[in-house]
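Asks: Here is my input, please return the structure:
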Amino acid sequence: MPLYDFTLGQLSGQTSFKRFHFEARDLDVAIREATAWAKHTRRHSGRPNDTSHWPLVILAGEGSADLRPGTMLFELKDVHPD
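Replies: Residues are numbered from 1 along each chain as shown. Next up, the predicted model:
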């Protein structure tokens, strides 16, 4: 199965969160997991009043058979917690 890396950043500050080597059967599954992870991470980041954009990026992870690691596969411009 392909591996995916997730990055969630805070555009107005220096904060970014990373999750490496998520194994999923396809990109759709990786997007669902990354979005859930990003919402949870933002909700518990300790910055409840932050209204800046937090983009989420999914990259091909190490060990991806047909893609070069680090290739951007998906981007969401802003993630809001539920």
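Asks: all contacts plus neighbour counts: C-alpha atoms, from now on.
Replies: Will do.
Asks: And the helices in this structure, which stretches?
Replies: With DSSP state H as the criterion, the chain has helices at 27-43.
Asks: just for it, where's the confidence low?
Replies: 12-13, 48, 65 (pLDDT under 70).
Asks: Show me the strands in it, by range?
Replies: 3-9, 16-23, 56-60, 72-76 (DSSP state E).
Asks: gap between the third one and the chain center?
Replies: Strand 56-60 sits 5 Å away from the centroid of its parent chain (Cα atoms, centre = their mean, to the nearest Å).
Asks: contacting residues for Leu56?
Replies: Neighbour list for Leu56: 6-9, 34-35, 38, 75-79 [criterion: Cα atoms under 8 Å, 6 or more residues apart in numbering].
Asks: To Asn49, which of the strands of the chain lies closest?
Replies: Nearest of the strands of the chain to Asn49, taken as Cα to Cα: strand 3-9 at 15.8 Å.
Asks: Sheet partners, orientation included, of that closest one?
Replies: strand 16-23 (antiparallel), strand 56-60 (antiparallel) (DSSP bridges).
Asks: can you redo the ones you listed as a markdown table with distance to Leu67?
Replies: Formatted as a markdown table, the strands paired with strand 3-9 follow (distance: least, Cα to Cα, whole Å):
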| stretch | distance to Leu67 |
| --- | --- |
| strand 16-23 | 14 |
| strand 56-60 | 7 |
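Asks: Deepest in the core, which of those strands is it.
Replies: Highest mean neighbour count of the strands paired with strand 3-9: strand 56-60, a mean of 23 (counted as mean count of other Cα atoms under 10 Å).
Asks: got the angle between it and helix 27-43?
Replies: 140 degrees (axes from the mean of the first three to the mean of the last three Cα atoms, to 10 degrees).
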